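Visitor: Curious how this folds, go ahead:
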Amino acid sequence: MDSIFYLGLVLFAVGAWQAIRRYSHSLAIGVILPVYLVGAVLTFAGLGRIGNFVSYLFVAWFVLLQLLVVSSRRKYFFHLVPFAVLYGAAVGFFVKFYALQSFFWPTVALTALFLLVNLVVQLGSKDAVEAHVQLKKAVLAEIKESDIRQKVQKELGHRTLVVQHVVMSVLAFAGACVLVFYLVNGSL
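Guide: Numbers count the residues shown, from 1 in each chain. Here you go, the predicted structure:
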């Protein structure tokens, strides 16, 4: 078995510990645990490369969830693009590191989808809406002219800001992931 399997096992234990510590249903356990279990079953069934790929997805998604947890606790809701770039670079590098090149595009697509869903949920939370209201008040306080103020207020709508932020974060992730993968492979 490869090291990715054992890394997944360690992260699974960390996720279980977090769920027990919070006395709640953890997203890491409830949603991505089945991904790791499928990877473990495939690995034990003799389908090592597919099992490693699924285990790698578990590890990548677990790390993503931890980044999102930290960002929501620190209230970095609208400053996630640098994290998405670093995360994309790490995903692109480790696909090559674990010799999963044939699974690169499924990794990018599935992880980008997972990122998209989690960002939409996170940015729709009560804390994110409150952070957006404070941001909007600060920006509008600086604008004196009423017609420009109305245009800016329309542009700063919560739905518009969430859509723009989610799209930029997912594109930044995918771009960094593809760039680093092809740089590491020497194809660029």
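
Visitor: now stretch 170-185, how far from the centre of its chain.
Guide: Distance of stretch 170-185 from its chain centroid, counting by CA atoms, centre = their mean, to the nearest Å, is 14 Å.

Visitor: Same question for stretch 57-68.
Guide: Averaged over its C-alpha atoms, stretch 57-68 has a centre that lies 6 Å from its chain's centre (CA atoms, centre = their mean).

Visitor: Hmm, C177 and V85 touching each other?
Guide: No: under the contact definition of CB atoms under 8 Å, V85 does not touch C177, with a separation of 9.2 Å. C-beta coordinates here come from the backbone N, C-alpha and C atoms, glycine included.

Visitor: more neighbours, these two?
Guide: C177 (25 against 18; other CB atoms under 10 Å).

Visitor: State the helix or strand in which that one lies.
Guide: Using DSSP states H and E, C177 sits in helix 158-185.

Visitor: per-domain residue ranges of this structure.
Guide: In terms of domains, the chain is parsed into 1-74, 75-188 (source: automatic domain parsing).

Visitor: and the ones you listed, which one's lowest on average pLDDT?
Guide: Looking at those, the lowest mean pLDDT belongs to domain 1-74 (a mean of 69).

Visitor: what's the residue lying farthest from the centre of the chain sitting at in phi/psi?
Guide: With CA atoms, centre = their mean as the measure, the chain has its most outlying C-alpha, relative to the mean C-alpha position, at E145: 39.2 Å. Per-residue torsions, E145: phi -70, psi 130 (degrees, to the nearest 10).

Visitor: And V85, by the same measure?
Guide: Geometry field for V85 lists phi and psi as phi -70, psi -50, criterion degrees, to the nearest 10.

Visitor: which non-adjacent residue is nearest it?
Guide: What sits nearest to V85 in space, not counting adjacent residues and going by CB to CB, 6 or more residues apart in numbering, is A176, at 4.5 Å.

Visitor: List the contacts of that neighbour.
Guide: A84, V85, L86, Y87, G88, A89, G92 (CB atoms under 8 Å, 6 or more residues apart in numbering).
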